[in-house]
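>>> structure for the following, please:
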Amino acid sequence: MTLQFNRNEDWMRLLLSDMKQYAGKIELGGGKKAIEKQKERNKLTPRERIAYLIDKNSTFTELGLFAGYGMYEEHGGCPAGGTVAGMGYVSGRQCMIIANDQTVKAGAWFPITGKKNLRMQEIAMENHLPVIYLVDSAGVYLPMQDEIFPDKEHFGRIFRNNAQMSAMGITQLAAVMGPCVAGGAYLPIMSDETLMVEGNGSIFLAGPYLVKAAIGEEVDAETLGGAGTHTEISGIADYSFTTEQECLDQIKKIISRLGHKPKAGFDRIAPAPPAKNPEELYGIIPEYNAKPYDVVELIERLVDNSEFDEFKKEYGQTMVCGYARIDGWAVGIVANQRLVLKNKKGEMQMGGVIYNDSADKAARFILNCNQKKIPLVFLQDVTGFMVGTRSEHSGIIKDGAKLVNAVANSVVPKITIITGNSFGAGNYAMCGKAYDPRFIYAWPSAKIAVMGGDQAAKTLLQIQVASLKSQGKTITPEEENKLLQTIKDKYNTQTTPYYAAARLWVDEIIDPIDTRTVISEGIAAANNNPVINDLKLGVFQV
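Numbers count the residues shown, from 1 in each chain. Just a heads-up that it's a prediction; the model follows:
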C-alpha cells in the first residue's frame with residue numbers, strides 16, 4: 001500500500017472512531033439514571049425489546065440513529081429522536097420496528113420524532129413491510145407543540161398512514177408497554193392487533209390529571225385505561241400479558257402466521273464476496289475528499305467477485321455506470337468518477353463533475369435499468385455540473401435536465417450512498433433525498449451542501465463585505481480574514497454527515513464496510529412490494 005493509502009485509511013478510521021463514540025452516547029438514550037428507573041418498573045429499554053423480538057443471529061438495520069443529534073440542546077436533547085427504529089427479521093419475516101424510548105423525556109414526541117416516525121412508515125409503505133410499534137410514550141412534547149401538532153407532515157400524519165397502510169394490506173401490530181396518551185391513543189387502535197402489558201401499558205385520550213381538571217372525576221391510570229380495562233371492558237385491546245417478554249413472544253407468533261405475497265422479482269443468485277479486500281475501502285477515499293481517486297476501485301470492493309460490467313466505458317467518463325451483483329442481487333451502479341481524465345477530443349475533464357456527455361450516459365443507463373427491472377445504486381461523490389461558456393453553449397442545462405428527469409421518474413428501487421462530496425445540483429442528479437431513494441446512507445467522509453465550503457465562504461464573504469461598504473464602513477484585511485473563518489466554521493458544521501443525519505436528510509451514517517449489507521437489505525425490502533409502475537417520462541429536450 002502507498003503512503004497516501006495509509007494516510008487515507010488513518011483518516012477514515014479516525015472518522016469511524018468518532019462515529020462509534022457518538023453512537024455509543026446516543027444508544028444510552030436518556031442516560032443511565034433514566035434506564036435504571038425503567039428497570040425499577042420491570043420495563044426493558046427499547047433496544048432490549050428489539051433484541052428480544054428479532055430472530056437470533058439475524059440482521060437489524062437501524063435507521064435514524066443520529067436523528068436529532070445536536071438539536072434541542074436547550075430542552076436537554078433528544079437522542080435518536082426519542083425513537084429506536086429499523087428493519088429486522090421476526091419469525092423469518094423482514095419487518096419495520098418502531099420503538100418509543102421512554103428514557104428520553106418520557107418518550108415525548110419532539111418535531112424530529114414525528115419526522116423520523118413518518119420516514120419509517122414511508123419506508124414500510126414503499127416496501128410493503130409489516131410494522132411493529134412498541135409503544136411507550138407520554139405524547140407530544142408540549143413546549144414545542146406548535147412544531148409537531150397541526151401541519152401536514154406532523155403528528156397527525158402518523159394516523160393517516162396507519163389507515164392507508166391498513167387499506168394497502170400491510171400488517172401493523174402495536175404492543176403497548178407504557179403510556180399511550182391523547183392523540184397517540186389512536187395508533188394502537190388503528191393497528192391490526194393491540195397487545196398490552198399489565199401494570200405498565202395504558203391507553204387513554206386524557207390521563208387522570210386531565211380528567212380531573214376537565215370533568216372533576218378522580219381515577220387511577222389502570223382503571224382509566226389499563227390492560228384489564230381495555231381487554232375486559234372496552235374491548236379496545238386484543239391481548240393482555242403480565243410481562244413484556246410474553247407480549248413480544250405473542251408478536252413473534254402473529255408474524256409467523258402471516259401469509260406470503262408475490263415478490264417484485266428482482267434477480268438474485270448465490271452471493272459471493274468481493275475478490276478484492278473490502279477492508280481496503282478505508283484507504284480509497286482521499287483524506288478530506290481532496291484528491292482524485294478511481295471510483296472503479298471502490299466499486300470492485302463492494303460487488304460480488306469484484307466483477308463490474310461497465311456501460312459506455314469510453315464515453316462520459318466522469319460518470320461510471322455498469323452492472324454488477326451485490327450480495328447476489330443484480331444491480332445497476334451509477335457513480336461519480338473522481339479521476340482527472342482526458343476525453344477522446346483531448347480535453348481534460350475534472351473528476352466529480354458532471355459534463356454533458358456523462359449526464360447523457362447516466363440518463364440512458366437509468367432508463368436501461370428500468371427497462372430490465374434492475375435496482376439502482378447511486379454512489380455520490382459529486383461537486384456539481386460543469387459551468388462556463390463551453391458547457392452552457394453545449395446545453396449542459398438541457399443534458400442535466402435529462403438526467404434529473406430520468407432519476408425523478410425511475411420506477412425501480414433506488415439506493416443512494418454518499419461516500420464523499422454531495423454538492424449543488426449534483427446531489428439531485430445523483431438521487432439525493434429529494435428524489436425519493438428507497439434508502440439513503442452516508443459514509444463518515446460525506447459532505448452535503450449547495451457548494452464546497454471554500455467556494456461558499458468566499459461567496460458569502462464577498463456579499464457581506466459589499467454590504468458593509470455600501471453602508472460606508474471599512475473592513476481591514478485582518479477583519480476580513482476573521483470574518484471568512486467565522487463563515488467557514490459555520491458552513492463546515494452544516495456540511496457534516498451528522499448535521500444531515502440529525503435532520504434525516506440521510507437515513508443513517510454507516511461504516512463503509514457495511515455498505516454491501518445495507519444495500520442488500522434495502523433490495524430485500526423493496527422486493528416485498530410486487531407493484532412496479534410503468535416508466536413514464538415527461539417532456540424534455542433531447
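>>> what's near enough to touch residue 518?
Counting by Cβ atoms under 8 Å, 6 or more residues apart in numbering, residue 518 touches 61, 415, 439, 441, 508, 510. Just so you know, the C-beta spots here come from the backbone N, C-alpha and C atoms, and that holds for glycine as well.
>>> what is the neighbour count of the last one?
Spelled out, it's residue 510. 23 (other Cβ atoms under 10 Å).
>>> could you do the second one as well?
Summarising burial for residue 415: neighbours were counted as other Cβ under 10 Å, giving 27.
>>> what strand or helix carries it?
Per DSSP states H and E: residue 415 is located in strand 414-423.
>>> average pLDDT for that strand?
For strand 414-423, mean pLDDT is 97.
>>> where in the chain is the helix or strand with the lowest mean pLDDT?
Least confident element among the helices and strands of the chain, by mean pLDDT, DSSP states H and E: helix 453-470 (a mean of 76).
>>> so that helix versus strand 414-423, what angle?
50 degrees (axes from the mean of the first three to the mean of the last three Cα atoms, to 10 degrees).
>>> chain center to helix 453-470: distance?
From the chain centre to the centre of helix 453-470 is a distance of 33 Å (Cα atoms, centre = their mean, to the nearest Å).
>>> got the buried residues for that helix?
Using 16 or more other Cβ atoms under 10 Å as the test for burial, helix 453-470 gives 453, 455-457, 460-461, 464-465.
>>> what pLDDT does residue 1 get?
69.
>>> do the one 3 residues further on as well
Predicted confidence (pLDDT) at residue 4: the value is 91.
>>> extract the C-alpha trace of the helix or strand hosting it and format it as PDB.
Per DSSP H and E, residue 4 falls inside helix 3-26. Taking C-alpha atoms only, helix 3-26 is exported to PDB below (Å, rounded to 0.1, in the frame of the first residue of the first chain):
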ATOM      1  CA  LEU A   3       1.800   6.200   1.800                       C
ATOM      2  CA  GLN A   4      -1.300   8.100   0.600                       C
ATOM      3  CA  PHE A   5      -3.400   5.000   1.000                       C
ATOM      4  CA  ASN A   6      -2.200   4.700   4.600                       C
ATOM      5  CA  ARG A   7      -3.000   8.300   5.300                       C
ATOM      6  CA  ASN A   8      -6.400   7.900   3.800                       C
ATOM      7  CA  GLU A   9      -7.000   4.800   5.900                       C
ATOM      8  CA  ASP A  10      -5.900   6.500   9.100                       C
ATOM      9  CA  TRP A  11      -8.200   9.500   8.400                       C
ATOM     10  CA  MET A  12     -11.200   7.200   7.700                       C
ATOM     11  CA  ARG A  13     -10.600   5.100  10.800                       C
ATOM     12  CA  LEU A  14     -10.400   8.200  12.900                       C
ATOM     13  CA  LEU A  15     -13.800   9.400  11.500                       C
ATOM     14  CA  LEU A  16     -15.200   5.900  12.300                       C
ATOM     15  CA  SER A  17     -13.900   6.100  15.800                       C
ATOM     16  CA  ASP A  18     -15.600   9.400  16.300                       C
ATOM     17  CA  MET A  19     -18.800   8.000  14.800                       C
ATOM     18  CA  LYS A  20     -18.800   5.000  17.100                       C
ATOM     19  CA  GLN A  21     -18.200   7.200  20.100                       C
ATOM     20  CA  TYR A  22     -21.100   9.500  19.300                       C
ATOM     21  CA  ALA A  23     -23.300   6.400  18.600                       C
ATOM     22  CA  GLY A  24     -22.400   4.900  22.000                       C
ATOM     23  CA  LYS A  25     -23.700   8.000  23.800                       C
ATOM     24  CA  ILE A  26     -26.900   8.100  21.700                       C
END
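>>> quick one: contacts of that helix?
1, 65-66, 69, 79-80, 280, 282-288, 291, 444-445, 498, 509, 511-512.
>>> keep only those of these that are in strands.
Of the contacts of helix 3-26, the ones assigned to strands by DSSP state E are residue 509.
>>> filter the contacts of helix 3-26 to the buried ones?
65-66, 69, 79-80, 280, 282-287, 444-445, 498, 509, 511-512.
>>> so residue 411 touches residue 535, yeah?
Yes - at 5.3 Å, residue 411 and residue 535 qualify as touching, with contact defined as Cβ atoms under 8 Å.
>>> got any residues that touch both of those two?
Contacts common to residue 411 and residue 535, judged by Cβ under 8 Å, 6+ apart, are residue 370.
>>> how much space between residue 181 and residue 223?
16 Å (Cβ to Cβ, to the nearest Å).
>>> and these two? Which one has more around it.
In this view residue 181 and residue 223 are compared by other Cβ under 10 Å, and residue 181 has more residues nearby, 23 against 12.
>>> relative to residue 3, how far out is the residue nearest to that one when sequence neighbours are not counted?
Distances taken as Cβ to Cβ, 6 or more residues apart in numbering put residue 139 closest to residue 181, at 4.2 Å, once the chain neighbours are dropped. Per Cβ to Cβ, residue 139 is found 57 Å from residue 3.
>>> who has more neighbours out of the two?
Between residue 139 and residue 3, residue 139 has the larger neighbour count (other Cβ under 10 Å), namely 20 against 7.
>>> give the contact list for that one.
108-109, 179, 181-184.
>>> what does residue 439 give?
123, 415-416, 507, 518, 522, 525.
>>> ok, and the closest non-adjacent residue to it?
Nearest non-adjacent residue to residue 439, counting by Cβ to Cβ, 6+ apart: residue 522, 4.4 Å away.
>>> for that neighbour, give its distance to residue 441.
From residue 522 over to residue 441 the distance is 9 Å, taken as Cβ to Cβ.
>>> now do the shared contacts for the two.
With contacts defined as Cβ under 8 Å, 6+ apart, the residues shared by residue 522 and residue 441 are residue 415.
>>> where do the helices of the stretch 351-500 of the chain begin and end?
Secondary structure of the stretch 351-500 of the chain by DSSP state H, counting those that start in this stretch: the helices cover 356-372, 389-393, 396-409, 424-429, 453-470, 477-494, 497-502.
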